[in-house]
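1. need coordinates for the below:
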Amino acid sequence: MPSTLDAAVHSELIIKKSRFLGCVQPMADRASAQRQVQQLWQQHPQATHVCWALLAGGQSAAVDDGEPSGTAGRPMLEVLRHQDLDGVLATVVRYYGGINLGAGGLVRAYTDSVAQALLSATKVPIVVRQQLALCVPYALEGMVRRELQRAGADLQEVDHQDEVAFLFELPAPAVAALVTRLNEAGQGRLGWLDLQD
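-> Below is the predicted model:
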């Protein structure tokens, strides 16, 4: 199950006089990630590179920012993938220390910067939620409310018209069991609404 992080976590490595400031943090999308990278440049104007990797809702990025191709962004991205993370930005600010590390040294440095930060990070499982809508006769309102509460559903709206309309959300893995229970208890008197309308 994919996870995200609950807060930003930092690391710092010194390798052959180069300073690597790593950070992993929750991030919603690429635009937010790019804004964060710009802020890092403002905070570290003397830095040589600000490399970054992002996994967020199907969007990914691996940016070497002037380091040799494939030595920074992609290794950072692989650390995020290996940890089964989503909605996470990894950044590493590098201050060059005057000694070349070579391609292998750079890959290790950027990988280690992200991995070190992740050691202190608290992972939060990502629970996909699904929204459903249902109409029932007034006589079934109490039963539906009890079942929704039992399933841990978040009741968003109840509308009393000719029938009672419920709009609610719950974790996707719980949907099938709740629908089955409600259909059995309702004995054909429930109407599921299409939310596409």
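
2. and the lengthiest helix in the chain, how far out from the chain middle?
-> Using DSSP state H to define each element, the chain has its longest helix at helix 102-119. Offset of helix 102-119 from its chain centre (C-alpha atoms, centre = their mean, to the nearest Å): 22 Å.

3. next, the buried residues of it.
-> 106-118 (16 or more other C-beta atoms under 10 Å). Heads up, the C-betas are built off the backbone N, CA and C, glycines and all.

4. I'd like the mean pLDDT over it, please.
-> For helix 102-119, mean pLDDT is 95.

5. convert that helix to CSV, retaining C-alpha atoms only.
-> Only the C-alpha atoms of helix 102-119 are listed here, as CSV (Å, rounded to 0.1, in the frame of the first residue of the first chain):
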residue,chain,number,x,y,z
GLY,A,102,32.6,10.7,-10.1
ALA,A,103,29.3,9.3,-11.4
GLY,A,104,29.2,6.5,-8.9
GLY,A,105,30.0,8.8,-6.0
LEU,A,106,27.3,11.2,-7.0
VAL,A,107,24.7,8.5,-7.3
ARG,A,108,25.6,7.3,-3.8
ALA,A,109,25.6,10.8,-2.3
TYR,A,110,22.2,11.7,-3.7
THR,A,111,20.7,8.3,-2.9
ASP,A,112,22.1,8.4,0.7
SER,A,113,20.9,12.0,1.2
VAL,A,114,17.3,10.9,0.5
ALA,A,115,17.6,7.6,2.3
GLN,A,116,19.0,9.3,5.4
ALA,A,117,16.1,11.7,5.5
LEU,A,118,13.6,8.9,5.1
LEU,A,119,15.0,7.0,8.1
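
6. paired strands for the helix or strand that that helix is followed by, with orientation please.
-> Proceeding C-terminally, helix 102-119 gives way to strand 123-125 as the next helix or strand, assigned by DSSP states H and E. Here strand 123-125 has these sheet partners by DSSP bridges: strand 3-5 (antiparallel).

7. okay, residue 83 and residue 49: tell me how far apart.
-> According to C-beta to C-beta, to the nearest Å, residue 83 and residue 49 sit 23 Å apart.

8. next one: residue 7
-> 25 Å.

9. the residue nearest the centre of the chain: what's it in contact with?
-> The centroid of the chain falls nearest to residue 87 when counting by C-alpha atoms, centre = their mean (2.5 Å). Counting by C-beta atoms under 8 Å, 6 or more residues apart in numbering, residue 87 makes contact with 4-5, 26-28, 55-57, 126.

10. could you pull out the strands for this structure?
-> 3-5, 9-15, 18-26, 49-56, 59-63, 88-95, 123-125, 129-136, 154-160, 164-171, 191-193 (DSSP state E).
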